[in-house]
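Colleague: Here you go, sequence then predicted model.
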Amino acid sequence: MEKNNNIPQNNKAGKNMKKKNSKSKWIFLGSVIFIYLVTLFINSGNTFKALVYSWKLLLTILPILLLVLVFMFLFNLINEEKFKAFIEKSPKHMQYLVMSVFGTLSHGPIYAWYPLMKDLRLKGVSNGSIASFLYARGIKITLLPMLVIYFGLKFAIVLTILLFIFSYMQGILVDLLMQKKVKN
Amino acid sequence: MQKKKSYKKVFLKSLKSLFNVVPIMLGIVMLIGIIKSFISFEKVAELFTQKPFIDTILGALIGSVLAGSSINSYIIGKEMVTSGVSLFAITAFLVAWVTVGFVQIPAEKAILGGKFTYIRNILSILLSIVIALLTVWILGVIK
């Protein structure tokens, strides 16, 4: 199996990366809060609107996070060694295809799915397959009627099919580029 | 008993992984809120130049920067249609909106790694232009 670039190869490196990630997430949240404080002085009305919008958005994400938690729990139940062996045996094109289908069927914001993708990668799923999943999230089955009303049936069908084909292709390209980076 | 204990362990492990990304998700949600409140989505359509080539690249870039529900991208896209913006630009905009996420980059980078994030997002911008060209070409052929 290829070596995964984003997984630290020893414990020390792993601890350092965890520390760095733990720090950066709080720095990021702090920066966003700082932006809110600045905008509060510029336009308090819009800042309040932003807070209300964020709160509503957060409420819509919560059920998705619950679903993600269920998936994570189920994937964590799978025997890691057996799963890795299965992934190694299964052809790459099948991985891209399966992940593209999962991506198409998944709901909610893309970032809600990052933790599950991280877990899958730790279990041996390739970067390309993860990219296929994330790209296929661009296909919005539930919003298809709206796309048809706004832009026409032909446009909606062509765009949806192309998005699916390119989610598969992105998997291939991401794996190729990630490998190239390692060689360099 | 042993099995029950391991289920609990696995559940707690999953919960911990999810909680680890809460600050990032909270930051992203708040960032989307601020963008939504300070940028008038309807005005975005006015940024286009009526030059198909430049507009396609512009569509891909604007779609990459803006975030939120896809419904908003459809509304802006419709505005673009009314303003006479080329279908190349509109398609690139719609595709980039759903496949590229500048706002989500900090979260993606922290969880999935920098190399992966940059490669995936740059590739998605380029592919949004390719998909735009192909969509318009196919629509022209099947007319």
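Modeller: Cool, got the structure.

Colleague: and the most centrally placed residue in chain A, how far is that from chain B?
Modeller: Nearest to the mean C-alpha position of chain A, by C-alpha atoms, centre = their mean, lies A:Tyr114 at 4.1 Å. Counting by C-beta to the nearest C-beta, to the nearest Å, the separation of A:Tyr114 from chain B is 4 Å. Bear in mind the C-beta positions are built from the backbone N, C-alpha and C, glycine included.

Colleague: what's the answer for A:Asn43, then?
Modeller: A:Asn43 is 8 Å from chain B, where distance means C-beta to the nearest C-beta.

Colleague: Which parts of chain A are helices?
Modeller: For chain A, the helices defined by DSSP state H occupy A:11-42, A:44-77, A:80-89, A:92-105, A:114-122, A:127-136, A:144-151, A:153-183.

Colleague: what's the distance between the residue with the largest distance to the centre of chain A and chain B?
Modeller: Distance to the chain centre peaks in chain A at A:Phe41, reaching 34.5 Å (criterion: C-alpha atoms, centre = their mean). Distance, A:Phe41 to chain B, using C-beta to the nearest C-beta: 13 Å.

Colleague: Could I get the pLDDT score of that residue?
Modeller: Looking at A:Phe41, its pLDDT stands at 92.

Colleague: Stretch A:66-73 and chain B, are they touching?
Modeller: Yes - Stretch A:66-73 reaches chain B (C-beta under 8 Å from any C-beta of the partner chain) through A:68-69, A:72-73.

Colleague: Give me the helix or strand of chain A that scores worst on average pLDDT.
Modeller: helix A:80-89 (a mean of 73; mean pLDDT, DSSP states H and E).

Colleague: Now do the strand or helix carrying B:Thr56: which elements does it pack against?
Modeller: If you go by DSSP states H and E, B:Thr56 is part of helix B:52-65. Applying 3 or more C-beta pairs under 8 Å, 6 or more residues apart in numbering or on different chains; DSSP states H and E, one finds that helix B:52-65 makes contact with helix B:87-99, helix B:114-141.

Colleague: hmm, who's touching that helix?
Modeller: For helix B:52-65, contacts defined as C-beta atoms under 8 Å, 6 or more residues apart in numbering or on different chains pick out B:44, B:47-49, B:73, B:85-86, B:88-97, B:100-103, B:121, B:124-125, B:128-129, B:132-133.

Colleague: Are any of the residues you listed buried, and if so which?
Modeller: B:44, B:48, B:73, B:85-86, B:88-97, B:100-103, B:121, B:124-125, B:128-129, B:132 (16 or more other C-beta atoms under 10 Å in any protein chain shown).

Colleague: restrict the residues you listed to those near chain A?
Modeller: Restricting those to those near chain A by C-beta under 8 Å from any C-beta leaves B:90-91, B:94-95, B:101, B:124.

Colleague: export the residues you listed to CSV and tack on pLDDT?
Modeller: Shown next, in CSV, are those (pLDDT from 0 to 100):
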residue, pLDDT
B:Ile90, 94
B:Thr91, 96
B:Leu94, 95
B:Val95, 96
B:Gly101, 85
B:Ser124, 96
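
Colleague: which of those are the two that sit furthest away from each other?
Modeller: B:Ile90 and B:Gly101 (19.3 Å; C-beta to C-beta).

Colleague: ok, now which ones touch A:Glu43?
Modeller: Quick fix: residue A:43 is Asn, not Glu. A:Asn43 neighbours (C-beta under 8 Å, 6+ apart): B:Phe38.

Colleague: Nice, that's everything, thank you.
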